[in-house]
Structure formats: structure tokens, C-alpha cells
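Colleague: sequence and predicted structure below; questions after.
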Amino acid sequence: MTHKDADAERLLHVDTLARVEGEGAMHVRVHDGHVTDVQLRIYEPPRFFEALLRGRSFTEPPDITARICGICPVAYQMSACLALETACGVIVTEEIRAFRRLLYCGEWIESHALHVYLLHAPDFLGYASAIEMAREHAEVVEQGLRLKKAGNAIMKAVGGRSIHPVNVRVGGFYRFPTRQELRALRPTLERGRDDALATVELVAGFEFPDFEQPHEYVAMRADDGYPLESGSIVSSSGLAFPAQRFADHIAEEHVEHSHALHSRLIKDGSAYVVGPLARYSLNHDRLSPLAREAATAGGLGPTCRNPFQSIVVRAVEMVYACDEALRIIDSWDGAGSPYVDVTPQAATGHGVTEAPRGILYHRYTLDRDGTILDAVIIPPTSQNQPSVEADLRSYVQDRLELDDIELTRQCEQAIRNYDPCISCATHFLDLTVERT
Amino acid sequence: MVVGIGNAERGDDGVGLEVARLVDQLHLADVWVTYFREPAQILDEDLLAADIVVVVDALSSGAPVGTIAVREVDDRPLPEWTGAGGTHAVGLAAVVELARALGRLPDRLVVVGVEGADYEPGADLSTPVRRAVQEAADAVVALVHERPDGG
């Protein structure tokens, strides 16, 4: 970190922003007491997954795109399957859909537990790392590790392994586990649900800066249940459209300072927010009764506009995911086929599902033998980039009286509100605040 | 407990798994062998239930490829060459420190590392690393056969 002349120019620089996934930089310029420029710089080289997919078979994207992220591989598999099945005119059975929800619950639990306990909670409790926090709050960290393990247990039982599951295929799954195998998860998930409820209580007691974001919220909404593996897209201003109209409402643009494309709403060019706050605020009525009670007990209303409270929303979503996983397991029959046959055809298909960090869009164009001619993947972190920058701009503007160290710390915390998976967007973060 | 860590699809990164597999094939009494992709998964295990935990992993210390290093975990942090991790994953050194902070370190925790060179996706073990697998397995077996008094 460097600090130039306070009267003329202030420059804060953090080489490596810790506790985010991926690599990038943040630059904030302050001139004459006004924030004039904020840039979330994602400079990790592009990974070219979309180009890599061209010429591949339509059966391959679930396994290839899962490698984009070790934290949310299921999201990539689910959006890929949905897009490819849509292109081929296939609708999976309700049993397969339920099994996909179960797998997704596992990912949400392990991803949210990682972020809440190991990445974000140290900010609120005043520690530089989860290791430091563990020295004085071992029971808190153990609770988080138990929750993460519960999520991993679902991933292993349903997906075949806890990182980069291997049981997913276009049209469904290679194998359904037996009822007994799934029932064996029950004690772990019941304990997980208790831990998730305790998590809501814990994080609701944190102190949150007085800050609200004005951005439009965009999330999925399904015919029933909290959105995970299917549904259409809705927004806080009343937009409602299916996945195949994604490009009519959301545009990607290249900005010089980032290797990840920024996304904006076409209607007015504005930034928007995807992820837990948007999902919660647009689907509060779809939470399970227990999760809704937990939200109320945690001090949340039916909507939440303070990004620092996203940690509470993630905890509520863990309650929901445990609850939903138990519901699916209890009603599981597993008697049907684990997959439906998918015959390729020349067509374009679109798929959107709710990754832990927000909506993840896939689009594939196939030729008649199923060869991929074109692929587009828009992850949640790249969609949130303009909103992160806008949040930083207003947050810093209102706190210029803070010294460089404290302002930098709070900026990093504000970035972590979004649980950015910069590796997905392509990636890392060092922070520069320049004041002139 | 013997823990092999690595990714078999990333060249020399899979050496920990190969060494653990060799030990597993010996069916040693009272020895539990497990395999993980990421060091953080070690925390899913009850480390305190074992008299000794031997972790086998690939190393990047700058030593000649195939070099075997044995490091007993004491009250000092592990050196960074054991894998300090980064923004994408929690490395072995950080996992050990987290286990220490949680009071979950076993009586003995030993890291057996094999210096790797080629971590390309889809690659097999490099020749020098493959040659070191048996020797590393022998080192693991010697460790789990040691009595607490060193005899």
C-alpha cells in the first residue's frame, strides 16, 4: 500500500486483495474531494472456454464448462444442460429436475459456507484471515466447516465427487443413487440445517454500514420454489423474459480495464445486480416457511438493499438449501430413468440457472449432428462488475474522511459483498485508491 | 492415516495420489488411506483420531525434479513450497495453520513431498517423478511403522 501527499494526491494500493476467488485489481481516483473514477480491473488472461467449445460435441459442455470453476461447477453443468436440451427440444422428467435441484442445493451450501465463514465473516469480526479468526472463534469456524462438509456430502452422493461432479450428462444423470444412499445424508443435513439457522443468528448480529444500493435486481423466478435450476428471468423494475430473450434485454460490452465483459440492461444502459440479494428480494415468498422465519428473525424484510447484509441472505439461503434437500430426499423414489435421450438437431438453445453468485447464462448453436458452432457464457461476476464499481463510487464518496487504511479495508469488504468469483469472469484484485 | 493429495489429470500434481495408492495396495494393518483433490478436504477428516497423519503431495520448491522431502510439522508454519495456496484455493500450509488454530492437529503430522515439474492438463507423471513414487511410498511406510518413542 502506498500513500502519496494527502493534500494533493492520495494513492492506496493493495497488491493482493485477499479472500476473493481469482485475480484482479481495483483502482479508485479521488480528485478535489470527489471520486472521479472507479475501475474493477480484471487482468488475468482470458481463458477462451467459448472458443474451446466450438467444434466439440453437444455432449461435452457439462464436463468442459464445469472446469471453469471449482466452487460452482454445478451451475455450469446445469446451465449447459438446460441450453443444450432446449436446443434439442427435450424437456427432462420431474424426477431429473428434482435431482438437479438436490445437486444444486449441495453447491449452494458448500459455496455459501465457504464465503460466509472463511471469506466474509473475518471482515465483520475484525480479523485479517479465517485462520486468525479460528484462533479466537474456533467454534464458529467449525460450524462453517461442518456446513461446507454437508454441502460436499450432497455433491458426492449426487454428483459422484465433491469437486467437478462426474454424474451429470445432457438429458439428466448417468446414475440415480438408491433411496438408501440418499437417506444416509439425512443426519448430516439435519445437523446442517441447525448449523445454517445458527449461522443466520450469528451473522445477523454483525454491524452493517448504513448503505443501500439503487441498482435494478435481476434474478430467476420459477413456477414453484425458490429459483435454482429452472425458471424465467425477472427484475425489480418489472422485466420478465425467458432465457431465449436474454440478449434482447442484456448486452455485454468490452471496457479497456477488464478482461471480463461488462453487462448492462439494454433498456437504459444501467448496471444491475444478480446474486443472493436480487434472488431473495424477488423470491422472498418462495422461501420455505423455516427459511422465511429465519430471515425475519435475522432482521430482514421481504427485500434487502444493503449489500453488506448479503451475508445474512446467504445464511438464509443455506437454511433453504438444507430444507429443500431434505424435502427432495424424503420424497425421492428414484424409480425412473436417470436420463432422457437427447437427439441433436440444428438449432440454438439458451439456458439460465441460479449459480450461488447469481444468474449464469449459456447459449449454444449446434449443427444437425450436434457439433457446437457457437457458444456464449455470461457468468454472474461479470454481470455484477458495473454494480461493484458503482457501489464503490458512492461508498467511498461518503467516507472520504476515513484514513487510507480503514477506507481500503472497507472497500475490500464492499467488494466481498458480491462474493466475486473473478476466475469465472476471468480475474484477481489488487486495490488502488488515488486521491488528488 | 495416509492422505494423498493431487489432481491425476494435471501431470505431476497427481504424484500424491500415486504414492498413496501404492501404500494402499499393501493393506497395512491399522492404516487408513484416503485421497483428496484439494488440501482443504483434509479438514473433513477426524485428524485427532490418528496417531500419525502422513500427507503426500507434489512440491514446487525449486529442488531437482523427483526430489523427495519429508517435513515433520512442528510449532512453525510449513514453508511455502508445501503449497501456501492463493486466491483460487487454500494450500496445504494454510490448511495446517487452520487445523492448528482449531486444535485439530494430530500428535504427528508429516508431509512427504515429491518435487514436480510438469503440471499441464492431461499430462501423465513426468519420468523423474514416476521414478520417485516407490521411494516416496517406502518413506511413508517407514513413517507409519515408527513407534511413538522413535523405535
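Modeller: Structure received.
Colleague: make it CA atoms for all contacts and neighbour counts henceforth
Modeller: Noted.
Colleague: quick check, central residue of the chain?
Modeller: Chain wasn't specified; assuming chain A. A:Arg357 (1.1 Å; C-alpha atoms, centre = their mean).
Colleague: meant chain B actually
Modeller: B:Val56 (1.8 Å).
Colleague: give the next helix or strand downstream of the host helix or strand of it.
Modeller: Secondary-structure assignment from DSSP states H and E places B:Val56 in strand B:52-59. Using DSSP H and E, the helix or strand that directly follows strand B:52-59 along the chain is strand B:68-72.
Colleague: ok, and what's touching that following strand?
Modeller: By C-alpha atoms under 8 Å, 6 or more residues apart in numbering or on different chains, the surrounding residues in contact with strand B:68-72 are B:108-115, B:132, B:136.
Colleague: and those residues, which two are furthest apart?
Modeller: The two members of the contacts of strand B:68-72 with the most space between them (C-alpha to C-alpha) are B:Arg108 and B:Ala132, at 23.7 Å.
Colleague: give me the below-cutoff pLDDT ranges for the chain.
Modeller: In the absence of a named chain, this looks at chain A. Applying pLDDT under 70 to chain A flags the ranges A:1-24, A:43-46, A:257, A:259, A:422-436.
Colleague: that was the other one, I meant chain B.
Modeller: For chain B (pLDDT under 70), the answer is B:80-89, B:147-151.
Colleague: what ranges do the strands span in it?
Modeller: B:2-5, B:33-36, B:52-59, B:68-72, B:108-115 (DSSP state E).
Colleague: how about those strands, which one is nearest A:Arg97?
Modeller: With C-alpha to C-alpha, the closest approach to A:Arg97 among the strands of chain B belongs to strand B:33-36: 29.3 Å.
Colleague: to the chain's geometric centre, what's the distance from that closest one?
Modeller: Here strand B:33-36 is found 10 Å from its chain centre; the criterion is C-alpha atoms, centre = their mean, to the nearest Å.
Colleague: residues contacting stretch A:75-87, please?
Modeller: A:58, A:61-63, A:65-66, A:68, A:91, A:100, A:104, A:168-172, A:229, A:342, A:344-356, A:360-366.
Colleague: mind checking which of the residues you listed are buried?
Modeller: Neighbour-count burial (16 or more other C-alpha atoms under 10 Å in any protein chain shown) applied to those gives A:58, A:61-63, A:65-66, A:68, A:100, A:104, A:168-172, A:229, A:342, A:344-356, A:360-366.
Colleague: in the stretch 151-300 of chain A, which residue sits closest to chain B?
Modeller: In the stretch 151-300 of chain A, no residue comes nearer to chain B than A:Ile163, which is 7.8 Å away by C-alpha to the nearest C-alpha.
Colleague: quickly find the element holding the residue nearest to that residue when sequence neighbours are not counted.
Modeller: Leaving aside its sequence neighbours, A:Ile163 sits nearest to A:Gly70 (C-alpha to C-alpha, 6 or more residues apart in numbering or on different chains; 6.1 Å). Following DSSP H and E, one finds A:Gly70 outside all helices and strands.
Colleague: my guess is A:Gly70 contacts A:His164. True?
Modeller: Yes. Here A:Gly70 reaches A:His164: they are 6.4 Å apart, a contact under C-alpha atoms under 8 Å.
Colleague: more neighbours, these two?
Modeller: A:His164 (26 against 17; other C-alpha atoms under 10 Å in any protein chain shown).
Colleague: for the more buried one, which three-state class applies?
Modeller: Assigned with DSSP: H, G, I helix; E, B strand; the rest coil, A:His164 falls in the coil class.
Colleague: any idea how far it is from A:Gly106?
Modeller: 12 Å (C-alpha to C-alpha, to the nearest Å).
Colleague: tell me the bridge partners for the closest residue to B:Ala20 other than its chain neighbours.
Modeller: Using C-alpha to C-alpha, 6+ apart and skipping the chain neighbours, the partner closest in space to B:Ala20 is B:Gly4 (5.1 Å). B:Gly4 has these beta-bridge partners by DSSP bridges: B:Tyr35, B:Val56.
Colleague: now do the contacts for B:Gly4.
Modeller: By C-alpha under 8 Å, 6+ apart, B:Gly4 lies in contact with B:16-21, B:33-36, B:55-57.
Colleague: one more: A:Val274?
Modeller: A:217-219, A:357-359, A:380, A:383-384.
Colleague: and for B:Arg130, the neighbour number?
Modeller: 18.
Colleague: and if you look at B:Ala49?
Modeller: For B:Ala49, the tally of surrounding residues (other C-alpha under 10 Å) stands at 12.
Colleague: how near is it to chain A?
Modeller: 17 Å (C-alpha to the nearest C-alpha, to the nearest Å).
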